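**Student:** got a structure for you, letters missing:
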Ligand SMILES: [Zn+2]
Ligand SMILES: [Zn+2]
């Protein structure tokens, strides 16, 4: 039998799918191989809405809502987090197919609207628990904190996703694989993610009765807040009803302050993605006794000995200094310029890379960026030093080449 190929979405579908405005008819497939890569195909629509938000925000407030350094970090995180999916099917879908093939107890028809709606609810319910556990279990928070590490709240924040999140999220959807066909699941797992793009904006205030059942920009602003009333609230993906049912709902009140209660002071993309694992390991090593060690991994990120499971949230918010912000923005621009030069294979790359490595070692040594674990700090300096040396030798070996980089 010929293998089904995924089809392309039309322009109209592309626009509507960001809001889950698609019908079961146009999004039902008999074979999971025929399910379009909706998330990848949404990229131009993401860009369009990002630009629209910047423009409307500028008209409304006279300010640029998008900060280049923060936005760049978010977009890079978005790209890195989808990289594995270019080569392999997501862990969520592959594990789902395995359970369906081996353990299904019932085969719901793939072409029934009932199955489609059941899968819509099932995926959203699963997402609520994935998300709630990602906040309440420190080991899962290590992945999810990436999404919350921006101190701004705009559409680019939506793209700031974790590479490691799906290492745990797949478990939560497996019960559905006992009866809902993989082709239906593979559609909804994508739309559930896509829906969450447009709610990351400050430009939409209140949506009236829609606020009762749907997850909206207002509800999700609360989720991203570090004000006391916002912490551990509004976990919903598409619907807000799960939060209302399970007691985790909070309406928007005082002006929300965004970001982590302990900001990470950096825009380095790999650090943003992985630093929490080294922090968690240190906490684990330092904890006394097996009970405390297990608590470090499986209780909330704010837990401490003698505190309740989720800790108490009396931490005072801190902000990045202006100097650190400027230096980091400069470093990111230099990194992106170097990347461009490497891709274009320009000779100037040797000089720029040397400068970038020296700049990075300088930032580390002067304490403007702090990689947490001392081993990581040492590794950064050693590899930074070796890279600087390597590129410096490259300059010496090519004394006659032109060093212009446009
Ligand atoms: Zn979250
Ligand atoms: Zn979010």
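**Tutor:** In hand now; what should we look at? These figures come from a predicted structure and were not determined experimentally. Ligands and ions are numbered 1, 2, ... in the order given.

**Student:** Just the mean pLDDT for the strand or helix carrying residue 390, thanks.
**Tutor:** Secondary structure assignment for residue 390, by DSSP states H and E: helix 374-397. Mean pLDDT, computed over helix 374-397, is 76.

**Student:** With stretch 133-147 instead?
**Tutor:** Stretch 133-147 comes out at a mean pLDDT of 95.

**Student:** Between the two ends of it, what distance do you get?
**Tutor:** End-to-end span of stretch 133-147 (C-alpha to C-alpha, to the nearest Å): 14 Å.

**Student:** quick one: contacts of it?
**Tutor:** Residues from elsewhere that reach stretch 133-147 (C-beta atoms under 8 Å, 6 or more residues apart in numbering): 77, 131, 157, 160-165, 167-169, 172, 232, 235, 260, 272-273, 276-277, 279-280, 283, 296-301, 303, 309-310. C-beta coordinates here come from the backbone N, C-alpha and C atoms, glycine included.

**Student:** Select from the residues you listed every entry located in helices.
**Tutor:** The helices, defined by DSSP state H, take in 77, 131, 157, 167-169, 172, 272-273, 276-277, 279-280, 283, 296-298 from these.

**Student:** Just the buried ones out of these, please.
**Tutor:** If you count burial by 16 or more other C-beta atoms under 10 Å, the buried members of the ones in helices among the contacts of stretch 133-147 come out as 77, 131, 157, 168-169, 172, 272-273, 276, 279-280, 283, 296.

**Student:** tell me the two of those that are most distant?
**Tutor:** Greatest spacing in these, by C-beta to C-beta: 157 and 296 (28.1 Å).

**Student:** What residues sit buried inside stretch 341-354?
**Tutor:** Within stretch 341-354, the residues that count as buried by 16+ other C-beta under 10 Å are 341, 346-354.

**Student:** Taking those residues together, which two end up most distant?
**Tutor:** Longest span within the buried residues of stretch 341-354, C-beta to C-beta: 346 and 354, 14.2 Å.

**Student:** Go ahead and flag the most central residue of the chain.
**Tutor:** Centroid-nearest residue in the chain, with C-alpha atoms, centre = their mean: residue 161, separated by 1.1 Å.

**Student:** quick one: that residue from residue 83, how far?
**Tutor:** Counting by C-beta to C-beta, to the nearest Å, the separation of residue 161 from residue 83 is 11 Å.

**Student:** How about residue 253: what's its closest non-neighbour residue?
**Tutor:** residue 229 (5.8 Å; C-beta to C-beta, 6 or more residues apart in numbering).

**Student:** surely residue 177 meets residue 102?
**Tutor:** No: in this structure, residue 177 is not within contact of residue 102 by C-beta atoms under 8 Å, at 9.4 Å.

**Student:** out of these two, which sits in the busier spot?
**Tutor:** A direct count of neighbours by other C-beta atoms under 10 Å for residue 177 and residue 102 places residue 177 higher, at 20 against 8.

**Student:** Return the residues in contact with that one.
**Tutor:** Residues near residue 177 by C-beta under 8 Å, 6+ apart: 96-97, 99-100, 103-104, 185.

**Student:** And the pLDDT at it?
**Tutor:** The model reports residue 177 with a pLDDT of 97.

**Student:** So the closest residue to it other than its chain neighbours, which state does it fall into?
**Tutor:** Leaving aside its chain neighbours, residue 177 sits nearest to residue 99 (3.8 Å; criterion: C-beta to C-beta, 6+ apart). Of the three states, residue 99 takes helix under DSSP: H, G, I helix; E, B strand; the rest coil.

**Student:** And for residue 311, nearest residue in space, chain neighbours not counted?
**Tutor:** Spatial nearest neighbour of residue 311, chain neighbours left out: residue 302 (2.9 Å); criterion: C-beta to C-beta, 6+ apart.
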